[in-house]
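Asker: Let me see the structure of the following:
(chains A and B)
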Amino acid sequence: GIQVEQSPPDLILQEGANSTLRCNFSDSVNNLQWFHQNPWGQLINLFYIPSGTKQNGRLSATTVATERYSLLYISSSQTTDSGVYFCAVERSRGGYQKVTFGTGTKLQVIP
Amino acid sequence: NAGVTQTPKFQVLKTGQSMTLQCAQDMNHNSMYWYRQDPGMGLRLIYYSASEGTTDKGEVPNGYNVSRLNKREFSLRLESAAPSQTSVYFCASSDYRDFDSPLHFGNGTRLTVT
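Answerer: Numbers count the residues shown, from 1 in each chain, chains lettered A, B, ... in the order given. Okay, the predicted model is just below:
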């Protein structure tokens, strides 16, 4: 099956710093999403981005499908950004029957 | 708009007991999913329902059964709980007909089997 690798596995930032999280995948995909799991365990969809670039406030994401990677940028980090960031991919169009999640990047933002 | 609602939030079972996890979505989505999350394993699909009236096994279905009660509700049943089923369970939904529809997750159920 498709392999999804996220880096770095752990990251500690000072509040206000910027960071880039990476997601590499081993095969072409039709679906790619970034999720944030907050310290209370809630999984929040950040971006649906199988290709191209999207921005939402201090967060942006870029997927280069031909090179099989996606990047999540966090600018001016805040303590509320702490948690685990997951990348999830699927090859089929429509539905998430065979979605593969990466093992996540655990981010801690310290004041 | 509540999105995806799961109950209960926490549950402790003894080995051999049974229980049903409930999930409901109010986004009129066709597809619903049950995942489990274990430390270091990411999320793994247990069962899914592409549309009302259909259910199929995912990656880790053993020990579970599901019911798609109607378009809104998708329940997960543990007939005889085992310690290996200690996990956090997430329900999710998406619009199967919309290829650009993202996954929406509930807040999870933390299950401990002793």
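
Asker: okay, CA-based contacts and neighbour counts for the rest of this
Answerer: Fine.

Asker: Tell me the residues of chain B that contact chain A?
Answerer: Contact residues (Cα under 8 Å from any Cα of the partner chain) of chain B with chain A: B:31, B:40-45, B:48, B:50, B:58, B:94-108.

Asker: Give the buried subset of those residues as a PyMOL selection command.
Answerer: To isolate the buried ones among the residues of chain B next to chain A in PyMOL, judged by 16 or more other Cα atoms under 10 Å in any protein chain shown, type:
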select buried, chain B and resi 31+42+43+44+45+48+50+58+94+95+96+100+101+102+103+104+105+106+107+108
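
Asker: Tell me which of the residues of chain B next to chain A fall in strands.
Answerer: Of the residues of chain B next to chain A, the ones assigned to strands by DSSP state E are B:31, B:42, B:43, B:44, B:45, B:48, B:94, B:104, B:105.

Asker: these two touch, right, the third one and residue B:33?
Answerer: No - applying Cα atoms under 8 Å, one finds residue B:43 not in contact with residue B:33, separated by 11.5 Å.

Asker: Which strands or helices does the helix or strand hosting residue B:12 pack on?
Answerer: Assessed by DSSP states H and E, residue B:12 sits inside strand B:10-13. The contact analysis (3 or more Cα pairs under 8 Å, 6 or more residues apart in numbering or on different chains; DSSP states H and E) places strand B:10-13 against strand B:109-113.

Asker: which helices and strands does the strand it packs on pack with?
Answerer: Against strand B:109-113 (3+ Cα pairs under 8 Å, 6+ apart) you get strand B:10-13, strand B:87-94.

Asker: Out of the ones you listed, indicate the one that is most buried.
Answerer: Among the helices and strands packed on strand B:109-113, strand B:87-94 has the highest mean neighbour count (mean count of other Cα atoms under 10 Å in any protein chain shown), at a mean of 26.

Asker: In CSV, could you pull the C-alpha coordinates for that strand?
Answerer: The C-alpha trace of strand B:87-94 is given here as CSV (Å, rounded to 0.1, in the frame of the first residue of the first chain):
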residue,chain,number,x,y,z
SER,B,87,-8.3,2.7,21.9
VAL,B,88,-9.8,6.0,20.9
TYR,B,89,-12.6,5.6,18.3
PHE,B,90,-13.5,8.2,15.8
CYS,B,91,-16.5,8.5,13.5
ALA,B,92,-16.2,10.5,10.4
SER,B,93,-18.3,11.4,7.4
SER,B,94,-17.9,12.7,3.8
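
Asker: Strand partners (parallel or antiparallel) of it?
Answerer: Using DSSP bridges, the strands paired with strand B:87-94 are strand B:31-38 (antiparallel), strand B:104-105 (antiparallel), strand B:109-113 (antiparallel).
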